[in-house]
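K.L.:
I'd like to go over a predicted model; first the sequence, then the structure.
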Amino acid sequence: MTIYAVRSWCIFLFISLIVAACNKEEQAPSPENTIAVADQSARTPAGASIPVSWYQLEFKLIKETPGFTPPVAARALAYTGIALHEAVVWSDRNGHSLSGQLNGLYNIPRPERGKRYNWEIAANSAMADIITRLYPNVNAANAAIIKAQDSLNLVNLSGGCDQDEVNRSVNFGKQISAAIYAWSATDGGKDGYLNGFPTDYIPPVGPAFWVPTPPAFQRALLPYWGNNRLLVKPRYPETAPVQHPVFSTDTASAFYKAAYYVYNKVNTLTPEENTTALYWADGGGTFTPPGHLLAITAQLVTDEGLNLTQSATLFAQAGISVNDAGIVCWKYKYKYNLLRPVTYIQRHINAGWGSLIATPPFPSYTSGHASFTGAAGTVLAEYFGNAYTFTDNQKVAEGFAPRSFGNFQQMIDEASISRIYGGIHYQFDSEVGAQTGREVGLRVLSLRY
């Protein structure tokens, strides 16, 4: 990216944020964690423009920063949302800190008693700092954009504010970020962007097991990711998902029929099914499936006019859900190490067959797309309602028409089946992935925010 592109980004930010006011949204916190703050009964709650601006930049960083594969991207999005939530939760008299609720998270900084805070500034400071920490390998142009966005937001939020209040709010946001980042560094995934294909991993050998797939024939991606710490610890020992059909090459077997279904479906796709597969592909060089889901979340936050604390809650819930869904899914992928449809079909049905989209470099069972979407879709359905209708506009710039859904279950179903249309998953991969994703989403919703 050239310096002119950086300047253009900065100009865009300045225009979009120039109307931002010094809105402090200083309400009393929840009774069990009382902190004396100024009465804000006459103030209008701050809007969500600051967090949305940071998520829009984060989607760009996911696309352009090496190593941010779907699970790694999901992790970054989760910690971004948690930092945002903790930076503004004390502005809401009914809010609850996630400290003591999330796995291993304790002693998060609190605002000073009786002091005034600008919560938008605190949110901006926390998000700028945590994103800088979570994406340490960004290119120089994007590093400059992060700094410029932080500075422009701060200028536009500080007008009319006391300088001590500005400084206090900035420092509080940075304290939150530092605490969240220090906690994140102990989860097992901190350096996932550096070593996605570890050479010490040796996959099992046998006719039912995963092998590298065309066209790149890459090593296994993130084989140890399933060992990472979940953000929401299950109340009961986690059980393995339903066992996939027993591997068999018998044409009468359930496994052969599942593979043949994929083979036949890809060979007979309708134009709409083809579009569905490509729309949800979200492969390398994109904002990834977790990024797509958080982009939908950002769109709905804007469409529905959520305020700062409402959006912080929803972003935290959606981010935590995709992170934990990725960990659970990758745990099962390398527990079962099931071969991909392209491998089975080329060996036992048609040696010359190829999938519509490239098969990613990791085992088949369960589906990551279905897991991510099942988790985030469950969170969004709880927030907006099961009958909420919406249109996903996230891929218009890439030449796709907007896609409309009558409810979030339709989105989950479409994203899940898109991987069968693409030829890279068996139907049972997606069905079980969506179910385990839903279970993750329900765990996330069990917390108090």
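P.N.:
Arrived safely, thanks for sending.
K.L.:
going forward, measure contacts and count neighbours with C-alpha atoms only.
P.N.:
Fine.
K.L.:
please spell out which residues along the helix or strand hosting F428 are buried.
P.N.:
Secondary structure assigned from DSSP states H and E places F428 in helix 427-445. Buried positions in helix 427-445, judged by neighbour count with 16 or more other CA atoms under 10 Å: 427-445.
K.L.:
now do the SS call for the nearest residue to L194 once chain neighbours are set aside.
P.N.:
Sequence neighbours aside, G67 is the residue nearest to L194 in space, at 6.2 Å (criterion: CA to CA, 6 or more residues apart in numbering). Following DSSP: H, G, I helix; E, B strand; the rest coil, we place G67 in the coil state.
K.L.:
what's the answer for T391, then?
P.N.:
T391 ends up strand, using three-state DSSP.
K.L.:
got a list of what it touches?
P.N.:
If you count contacts by CA atoms under 8 Å, 6 or more residues apart in numbering, T391 has them with 402-405.
K.L.:
can I get the helix or strand that contains Q410 in CSV, CA atoms only?
P.N.:
According to DSSP H and E, Q410 maps onto helix 408-421. In CSV, the C-alpha atoms belonging to helix 408-421 read as follows (Å, rounded to 0.1, in the frame of the first residue of the first chain):
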residue,chain,number,x,y,z
PHE,A,408,-30.2,-16.9,11.5
GLN,A,409,-30.8,-20.7,11.1
GLN,A,410,-31.1,-20.2,7.4
MET,A,411,-27.7,-18.5,7.4
ILE,A,412,-26.2,-21.4,9.4
ASP,A,413,-27.8,-24.0,7.1
GLU,A,414,-26.6,-22.2,4.0
ALA,A,415,-23.0,-21.7,5.2
SER,A,416,-22.9,-25.4,6.3
ILE,A,417,-24.2,-26.9,3.0
SER,A,418,-22.0,-24.6,1.0
ARG,A,419,-19.0,-26.8,1.8
ILE,A,420,-20.8,-29.8,0.3
TYR,A,421,-21.5,-27.8,-2.8
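K.L.:
in that helix, which residues are buried?
P.N.:
Within helix 408-421, the residues scored as buried using 16+ other CA under 10 Å are 408-409, 411-421.
K.L.:
tell me the angle of that helix relative to helix 427-445?
P.N.:
Taking axes from the mean of the first three to the mean of the last three CA atoms, to 10 degrees, one finds that helix 408-421 is oriented at 150 degrees with respect to helix 427-445.
K.L.:
could you tell me how far helix 408-421 lies from the centre of the chain?
P.N.:
17 Å (CA atoms, centre = their mean, to the nearest Å).
K.L.:
for that helix, packing partners?
P.N.:
helix 254-267, helix 271-279, helix 368-384, helix 427-445 (3 or more CA pairs under 8 Å, 6 or more residues apart in numbering; DSSP states H and E).
K.L.:
okay, those helices in JSON lines with distance to A128 and mean pLDDT next?
P.N.:
Conversion of the helices and strands packed on helix 408-421 to JSON lines gives the following (distance: least, CA to CA, whole Å; pLDDT from 0 to 100):
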{"stretch": "helix 254-267", "distance to A128": "44", "mean pLDDT": "98"}
{"stretch": "helix 271-279", "distance to A128": "30", "mean pLDDT": "98"}
{"stretch": "helix 368-384", "distance to A128": "24", "mean pLDDT": "98"}
{"stretch": "helix 427-445", "distance to A128": "25", "mean pLDDT": "98"}
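K.L.:
which one of those lies closest to V322?
P.N.:
Taking CA to CA, helix 368-384 is the member of the helices and strands packed on helix 408-421 nearest to V322, at 5.1 Å.
K.L.:
mind listing what's buried in that closest one?
P.N.:
For helix 368-384, by 16+ other CA under 10 Å, it's 368-380.
K.L.:
which stretches of the stretch 1-150 of the chain form helices?
P.N.:
Under the criterion DSSP state H, counting those that start in this stretch, helices of the stretch 1-150 of the chain are mapped to 3-17, 49-64, 70-88, 119-134, 140-158.
K.L.:
same question, the stretch 201-350 of the chain
P.N.:
Ranges of helices within the stretch 201-350 of the chain are 254-267, 271-279, 288-303, 308-336, 341-348, based on DSSP H, counting those that start in this stretch.
K.L.:
just those helices: most buried one?
P.N.:
helix 308-336 (a mean of 26; mean count of other CA atoms under 10 Å).
K.L.:
could you redo the buried residues of helix 368-384 as a markdown table and give each row distance to P136?
P.N.:
A markdown table is the format used below for these (distance: CA to CA, whole Å):
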| residue | distance to P136 |
| --- | --- |
| G368 | 25 |
| H369 | 26 |
| A370 | 29 |
| S371 | 27 |
| F372 | 25 |
| T373 | 27 |
| G374 | 30 |
| A375 | 28 |
| A376 | 26 |
| G377 | 30 |
| T378 | 31 |
| V379 | 29 |
| L380 | 30 |
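K.L.:
closest to L134 out of these?
P.N.:
F372 (20.3 Å).
K.L.:
do I have it right that G368 meets E431?
P.N.:
No - using CA atoms under 8 Å, G368 is not in contact with E431, being 11.1 Å away.
K.L.:
tell me how far T286 lies from L306.
P.N.:
27 Å (CA to CA, to the nearest Å).
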